[in-house]
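> Next input, structure requested:
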Amino acid sequence: MSTLIYCKNSIAASPYYIEEASLNVYSLEELSYYMLNNVYLLSTKMMSAELCNWIGRELKMPQLSTELMGLVQNNSPLHIFVGHILNANGYASNKEIKDLLGIISTFENKSEAERKKLRADRLIASEKLVDAIYEYETLLSDDVVGDLPRVVEGDVYHNLGVAFARLFFFDEACRCFDEGYKKNQKKQTLFCLLYATRCSGDKTAFDEFVNKYQVSKDDVDEVLKIVSNASSNENIVGFDSAINGLVFSDGNSAESKETIKNVISNWKEEYIKLCRI
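Numbering: from 1, shown residues only. So this is what the prediction gives:
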């Protein structure tokens, strides 16, 4: 973890491995941090005898271990189990605990497919696009996807397409939006399909989708206008002007070079941020 956490309780000699996050934790505070910041990754898999025994053995907290083991044996709700852990140390505030348990209680009774979608939606909202893509693709490849209504499955494809498009994988985005629109029939998904196709530079594919879904002229004009406005972004215009400045000055314009360098640097930093795992 990159965040410094003050631990007032025991530090484990041997860590507890959280498989869902491929993460080792060494203290109750680290475990609390993980739960607070990865709420949609939590599931009843956490309610294991292994975790209970680790808390008793490694953290020297036998009473908490016994209480948690009792909850596991009684098949208690996940939010009760998590609440016991959070309340056993002073890492989280009462409000943070209340908010977290409220979120858990809203999804713990949902189907596995619904929980996976919620986790993926949270990841994409947090701009963890690579993780979101993995979650959506895993959901779509699982048998549990059949538990989702057809419209919701279409929304999953739509969100997957958004993640791909933001990483400039427009061909993959088009396939997702196309599949999504077949299932949810939402105008937003259709428009995103046309945006992605237009951004990919494939005019033939754009025209084919317009004909395939009988898109009206007014809607086509609206799509083209939105794409045109996006292309007029200040950074893009500045970059284009700098390129032209270099071309017409035989590459001797220091100002143009600096502009290009700054724009590329900013784009690079933003892209790396979006690709973080």
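
> what ranges of the chain fall below the confidence cut-off?
1-9, 231-265, 267-277 (pLDDT under 70).

> Double-check residue 114 against residue 148; I have them as touching.
Yes: look at residue 114 against residue 148 with Cβ atoms under 8 Å: they come within range, at 7.1 Å. Bear in mind the C-beta positions are built from the backbone N, C-alpha and C, glycine included.

> Between these two, tell me which one has more neighbours.
Shown here are residue 114 and residue 148; by other Cβ atoms under 10 Å, residue 148 has more neighbours (20 against 16).

> Quickly note the distance from the closest residue to the more buried one other than its chain neighbours to residue 139.
In this structure, residue 148 finds its nearest non-sequential neighbour in residue 113, 4.9 Å apart by Cβ to Cβ, 6 or more residues apart in numbering. For residue 113, the distance to residue 139 equals 6 Å [Cβ to Cβ, to the nearest Å].

> joint contacts of the two?
Contact criterion Cβ atoms under 8 Å, 6 or more residues apart in numbering; residues shared by residue 113 and residue 139: residue 145.

> can you give me the helices for this structure?
Applying DSSP state H to the chain gives helices spanning 28-37, 49-57, 62-73, 78-87, 94-107, 112-125, 129-141, 150-166, 170-184, 187-200, 203-212, 217-231, 234-248, 254-274.

> Turn those helices into a markdown table, columns for distance to residue 13.
Shown next, in a markdown table, are the helices of the chain (distance: least, Cβ to Cβ, whole Å):
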| stretch | distance to residue 13 |
| --- | --- |
| helix 28-37 | 14 |
| helix 49-57 | 10 |
| helix 62-73 | 16 |
| helix 78-87 | 20 |
| helix 94-107 | 28 |
| helix 112-125 | 32 |
| helix 129-141 | 31 |
| helix 150-166 | 40 |
| helix 170-184 | 45 |
| helix 187-200 | 51 |
| helix 203-212 | 59 |
| helix 217-231 | 54 |
| helix 234-248 | 51 |
| helix 254-274 | 36 |
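
> Among the ones you listed, which comes closest to residue 17?
Distance to residue 17, taken as Cβ to Cβ, is lowest for helix 49-57 among those, at 9.2 Å.

> Measure how that closest one sits relative to helix 62-73, angle-wise.
In terms of direction (axes from the mean of the first three to the mean of the last three Cα atoms, to 10 degrees), helix 49-57 departs from helix 62-73 by 170 degrees.

> May I see the buried residues of helix 49-57?
By 16 or more other Cβ atoms under 10 Å, the buried positions in helix 49-57 come out as 51, 52, 54, 55, 56.

> again, but for stretch 144-158
Buried-residue list, stretch 144-158, by 16+ other Cβ under 10 Å: 144, 145, 148, 153, 154, 155, 156, 157, 158.
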